[in-house]
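Asks: need a structure here:
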Amino acid sequence: MEKNFGCFFYLKKRNKNATGEIYIFLRITVDSNFVDLSTKRKCFTKDWNAKTSRAEGKTDYARSINSYLDTLQQKVFEAKRRLIEVDEEVTPAKIKDLMLGKKVEKEKYMLMEQFRLHNEQVQALIGSDYAPATFKRYETSYKHTLQFLEEKYKVSDIDITKLDYDFISNYEFWLKTVRKCDHNTTIKYLANFKKVVIRCVKSGKLPRDPFVGFSMSKKEVEREVLTEDQLKRISQENFSAERMALVRDIFLFCCYTGLAYADIQKLKQTEIIKGNDGGLWIIAKRQKTNVTSRIPLLPPALEIMERYKHHKQCVNKGVVLPVLSNQKLNTYLKTIADSCGIHLNLTFHIARHTFATTVTLSNGIPIETVSKMLGHRNLKTTQHYAKILDKKISEDMQKLKNLRF
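Replies: As a prediction, this is how the structure comes out:
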């Protein structure tokens, strides 16, 4: 809202003509800004009252001028009201345009432009507020959104005020059918998209949230984990190929520490610190959440770490383990699973799940402690692992029932 608004009429003396009549001008002021507008009417200086900004007297001449000026003043206030109704900023220029019959359009904010600005800010904050993977995720979401607009609406950008429930639903359908995303992956992309949209809502660029009423719930996914026996088989398997043995050791290290790929890849030797108990701990921030993980190192993890402390890559880069690319690790892990007779789609992230369940929760470690070691922001995230554990308990108890009862 404006701090100060006013309008008044005055004689523009430099336009004085031969008859002594002077053009009357209207000045519209909002805060410290103003515009002047010619009324196309004239008045003699002797008949003009500068204080009332009207013609003096009760002659037909004066009444005609004043009636016209009153009408103009009403149009000024009507124009102001119209701007307020459409939630448009009230400025002298916009009021003048309305009075001159020009259509005043509300400033447009385009979706992809806002998305691009958001991503540029995320990129600028990499290393402080955001991880590189977060920026990459937003960039992928940007590309998907652009492709959706081009294929569905035949445009490369769209006014954000056009976003509604149908738009979100169509985008969800497109992600699932054209991009072949499963439900949870689709929701992840929509969540990234929603963050940009909500930012527009909070900044006043978008009057309403188009996601209202749209379900963003994910489907419960059963996380696969290694059993204690499978973990033992992998650790005892003898691999003749050095690369296979390295992949096995990196994977096992994460099974005994709970580190995700991004965190083991960047784990520095300086982040291995002696704790209050005299043992060695990992104290490092998770790349994904920027939350500090505090993990006491178990004997198997210490053995693996000791095995590679003189490795060339570890010495040169100051890292704990010489980690390969995630893609290569997952390729080798499939071979390792086959070699160990494990019928499981073994991926690197299963190591983190195995730590949470088989290594810790199954052995009586409180869920609050496990949550702290995993670097979770809240306990709710860790509770997903407890559900897996409940299923394991149920299966074990069923075996007992079949044997004894």
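
Asks: Quick one: mean pLDDT for the one helix or strand residue 399 maps to?
Replies: Per DSSP states H and E, residue 399 falls inside helix 379-404. Averaged across helix 379-404, the pLDDT comes to 73.

Asks: show me what contacts residue 186?
Replies: Neighbouring residues of residue 186 by Cβ atoms under 8 Å, 6 or more residues apart in numbering: 172, 175, 176. (C-beta placed from N, C-alpha, C; glycine too.)

Asks: Without its sequence neighbours, what residue ends up closest to the first one?
Replies: In other words, residue 172. By the measure of Cβ to Cβ, 6 or more residues apart in numbering, the closest residue to residue 172 outside its immediate chain neighbours is residue 186, 5.9 Å from it.

Asks: Out of the contacts of residue 186, who's the most crowded?
Replies: residue 175 (23 neighbours; other Cβ atoms under 10 Å).

Asks: That residue and residue 190 touch, don't they?
Replies: Yes - Residue 175 lies in contact with residue 190 (Cβ atoms under 8 Å); the separation is 7.5 Å.

Asks: where does this structure have low pLDDT?
Replies: Residue ranges of the chain with pLDDT under 70: 1-3, 14-19, 104-106, 387-392, 395, 404-405.

Asks: how does it divide into domains?
Replies: 5-99, 111-202, 228-404 (automatic domain parsing).

Asks: Please, which helix or strand holds the residue nearest to residue 172?
Replies: Judged by DSSP H and E, residue 186 forms part of helix 183-202.

Asks: Tell me how far that helix lies from the chain's centre.
Replies: 7 Å (Cα atoms, centre = their mean, to the nearest Å).

Asks: Kindly report the same for stretch 69-78.
Replies: Per Cα atoms, centre = their mean, the centroid offset for stretch 69-78 relative to its chain is 47 Å.

Asks: on that earlier part again, as JSON lines, the contacts of residue 186 with secondary structure would be great.
Replies: Listed next are the contacts of residue 186 as JSON lines, based on DSSP: H, G, I helix; E, B strand; the rest coil:
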{"residue": "172", "secondary structure": "helix"}
{"residue": "175", "secondary structure": "helix"}
{"residue": "176", "secondary structure": "helix"}
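
Asks: so, if you compare those, which one comes nearest to residue 328?
Replies: Using Cβ to Cβ, residue 175 comes nearest to residue 328 of the contacts of residue 186, at 28.6 Å.

Asks: before we move on, back to that, only the buried residues of the helix holding residue 186, if you could.
Replies: For helix 183-202, burial by neighbour count (16 or more other Cβ atoms under 10 Å) applies to 186-190, 192-194, 196-197, 199-201.

Asks: Can you name the element that comes right after the longest strand along the chain?
Replies: The strand that spans the most residues within the chain, counting by DSSP state E, is strand 33-44. Proceeding N to C from strand 33-44, the next assigned helix or strand is strand 48-49, under DSSP H and E.
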